[in-house]
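[1] structure here, sequence nowhere to be found:
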């Protein structure tokens, strides 16, 4: 299972083309392998940041079971809860991921044994230090184009 970052969902629904769009279409499809999932935290971020149509579509897909949802119990904007969650998983995360909301995604990937994370966030997530940390944990880190090429290139959507 791969966790997708909020920015990938918003980019994929906003422009309707490119790797983010391909990933989103796969999410809304029958979601066979590779399984792309969300955390409740990411779902809440989508609710705060995405257009109404995107929010409703994602919520509907989660409700129907098309998109698996993993529960962290953390809400966006609750900075102290975000920090506490990441510290509970691994106290080193705050040094590796300066943005607490991005750290929640990384912590959830570790907690739920995700195979990987798909993100466009080059500033806080896609760093060499975090890449190496996740590699030691057996968690892959992908930019949308890399994920599409590796896992979806031969998938008919």
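    Looks like it came in fine. Everything quoted here is computed from the prediction, not taken from an experiment. Numbers count the residues shown, from 1 in each chain.
[2] give the burial count for residue 126, as a bare number.
    Using other CB atoms under 10 Å, residue 126 has 16 other residues around it. Yep, even glycine has a C-beta here, placed from its N, CA and C like the rest.
[3] was I right about it contacting residue 140?
    No: at 11.8 Å, residue 126 does not count as touching residue 140 under the criterion of CB atoms under 8 Å.
[4] following the chain onward from the lowest-mean-pLDDT helix or strand in the chain, which element is next?
    Every helix and strand in the chain was compared by mean pLDDT, DSSP states H and E; the lowest is helix 18-28, with a mean of 83. Next helix or strand after helix 18-28 toward the C-terminus (DSSP states H and E): strand 36-39.
[5] what's the following helix or strand past that next one packed up against?
    Past strand 36-39, further along toward the C-terminus, the next helix or strand under DSSP H and E is helix 40-49. Helices and strands touching helix 40-49, as assessed by 3 or more CB pairs under 8 Å, 6 or more residues apart in numbering; DSSP states H and E, comprise helix 6-15, helix 52-64, strand 69-70, helix 100-111.
[6] hang on, the earlier thing: mind listing what's buried in the least confident helix or strand of the chain?
    Going by neighbour count (16 or more other CB atoms under 10 Å), the buried part of helix 18-28 is 19, 20, 21, 22, 23, 24, 26, 27, 28.
[7] from the residues you listed, pick the one nearest residue 113.
    Taking CB to CB as the measure, residue 113 sits nearest to residue 27 out of the buried residues of helix 18-28, at 19.4 Å.
[8] need the contact list for the closest one.
    4, 9, 36, 61, 66, 67 (CB atoms under 8 Å, 6 or more residues apart in numbering).
[9] then residue 54?
    Per CB under 8 Å, 6+ apart, neighbours of residue 54: 9, 10, 13, 14, 46.
[10] if we use 6 Å, what do you get?
    residue 13 (CB atoms under 6 Å, 6 or more residues apart in numbering).
[11] please begin residue numbering at 6 from this point
    All set: I'll call the first residue 6, so the last point we hit is now residue 59.
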